[in-house]
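>>> Kindly return the folded structure for what I paste below:
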Amino acid sequence: MTMSQQGARAAALQWVTRLYPSAYRELHGAEVATTLADIADGGSRFGAVREAAAVAGHALRMRAGVDSARPAGRGLAGLTVYAVALAASLSAALLAVSLVEPLDWDGERSYAPLAYVPWLLVLALLLSGRWTWARTAVGVAVGGAVLSVPVAYWSGGPSGVSENLPTVLGLVAAAVVVLAASPDLPPTGTRARRNTALASLALGVPMLVGSLTTFQALAGPGVTESARPDPVRLFLTVAPLVLAPPAAVGLARCRFGAAFAAVVVIGGAFAYVFPHAFLTVVPYDSGRLNALVTALAGTAALILRFGLRPQFVRQRRHRRL
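Reported below is the predicted structural model:
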C-alpha cells in the first residue's frame, strides 16, 4: 500500500469515527478505527466498505438517539415490519395495475416498476427470517426508486415524474425507516413475522382486489364508462384502518402511553372538526377519515392502558413477593 493510499484510508477511518458522539468516541474511537483497519488489511475492499457503512450507521443511530439501547430505537425497530408491509402492499397493487391494459377512463399513466419489485423481495426475505438479506434488498429498493425518476421522465416527461414522484418518495421514506432501525433488533421472531404477514394480508389483499376491480363510472348524463380505483387512493383509505389496532396496542404498552394517547385523541379530534385548517394538503379527501381513525386509535389506547394497568400492578406486586 502506497503512502497516498494509507493517508486516504486513515482519513476515511477518521471520518467514520468522527460520526460518533464525542463521549463515545473518546472511549471507543481508537478501538473502532483499529477494527476497521484490520478488516481493510485482511479482507476484500467490498467487505471493508460494508463494515465502514455499518459502523457509520451505528454512529448516526447513536447521535439520533435511536440505537438499540434506547426506547426510541426499540420503537423504531418495531415499526420496520409495518413499514415493509405498507411498502410491499402498495408496490404489489401498483405493479399489478401496471401490467393490465389501461381503461379509457383511467387514461395513460406511467409507473415505476423498478421501485416496486424490490419491496416484494424484501417482504419475502423478512417472512423467511433472512433479515440481513432483506436490508440489502431495501438498499436495492432505494436504488430502484432513484432510477425510477429519470426513467419516468424519459417515458412520460414532466407528467410522468409528477405521477410517480409521490409514491416513489413514500417508498423511500419506508426504506429510511427500515435502514435507520438498529440491525441488533432484527424482526426475525415468530411474533414479528406473524405481524408482518397479517398486516400484509390485511392491506395487500383489499388493495389488489380493489385495484383490479372494474366498475361503471358516470361519464355524463346517462353515459357510463368502465374504470378502476386508483391504488394510491385505496392505500390512503385502507392503510389507516389496518394500522389503527397495532398503533393502539403500541401506545397502550409504551412508557408514557397515556400522555401520548391523549395527545393523539385531541389532535385527531381537532383535525376532524376543523378539516379545512389542518387537512387541506391530504390527497383524495382522505384527511377526515385519517383524523377519525387517529382519534379512535388513541381512545382505544387509553382504554387498553387503564384496563391493563391493574394487571401490571398485580404482576409487579407478585414479582416483589
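>>> quick one, longest helix in the chain?
Once the chain is assigned using DSSP state H, the helix that runs over the most residues is helix 131-180.
>>> which helices and strands sit right next to that helix?
Other elements packing on helix 131-180 under the criterion 3 or more CB pairs under 8 Å, 6 or more residues apart in numbering; DSSP states H and E are helix 45-64, helix 71-99, helix 113-127. All C-beta spots, glycine's among them, are computed from the backbone N, C-alpha and C.
>>> quick one: the second one to helix 45-64, angle?
Orientation note: helix 71-99 sits at an angle of 120 degrees relative to helix 45-64 (axes from the mean of the first three to the mean of the last three CA atoms, to 10 degrees).
>>> Identify each buried residue in helix 71-99, please.
Buried residues in helix 71-99, defined by neighbour count with 16 or more other CB atoms under 10 Å: 73-74, 76-97.
>>> one step back: rounded mean pLDDT for the longest helix of the chain, please.
If you average the pLDDT over helix 131-180, you get 90.
>>> Just checking the distance from that helix to the centre of its chain.
Shown here is helix 131-180, whose average C-alpha point lies 12 Å from the average C-alpha point of the whole chain (CA atoms, centre = their mean, to the nearest Å).
>>> begin at 14 from here
Okay, residue one is now 14; in that scheme the one you just asked about reads as helix 144-193.
>>> Which among the helices and strands packed on helix 144-193 is found nearest to Tyr285?
Distances from Tyr285 to each of the helices and strands packed on helix 144-193 were compared using CB to CB; the shortest belongs to helix 84-112, at 22.6 Å.
>>> I'd like to know how far the residue nearest to Gly91 when sequence neighbours are not counted sits from Phe269.
For Gly91, ignoring the flanking residues on the chain, the nearest one in space by CB to CB, 6 or more residues apart in numbering is Gly263 at 6.9 Å. Shown here: Gly263 relative to Phe269, a distance of 12 Å by CB to CB, to the nearest Å.
>>> before we move on, back to that, show me what contacts the residue nearest to Gly91?
88, 91, 314 (CB atoms under 8 Å, 6 or more residues apart in numbering).
>>> ok, how many other residues are close to the closest residue in space to the first one that isn't next to it in sequence?
When you say that, I think you mean Gly88. Spatially, and ignoring its direct neighbours in sequence, Gly88 is nearest to Cys267 (7.1 Å; CB to CB, 6+ apart). With neighbours defined by other CB atoms under 10 Å, the count for Cys267 comes to 18.
>>> Can you name the next helix or strand after the lowest-mean-pLDDT helix or strand in the chain?
Every helix and strand of the chain was ranked by mean pLDDT, DSSP states H and E. The lowest is helix 16-31, at a mean of 58. Beyond helix 16-31 in the direction of the C-terminus, DSSP states H and E gives the next helix or strand as helix 35-55.
>>> Rounded mean pLDDT for that next one, please.
In this model, helix 35-55 has an average pLDDT of 72.
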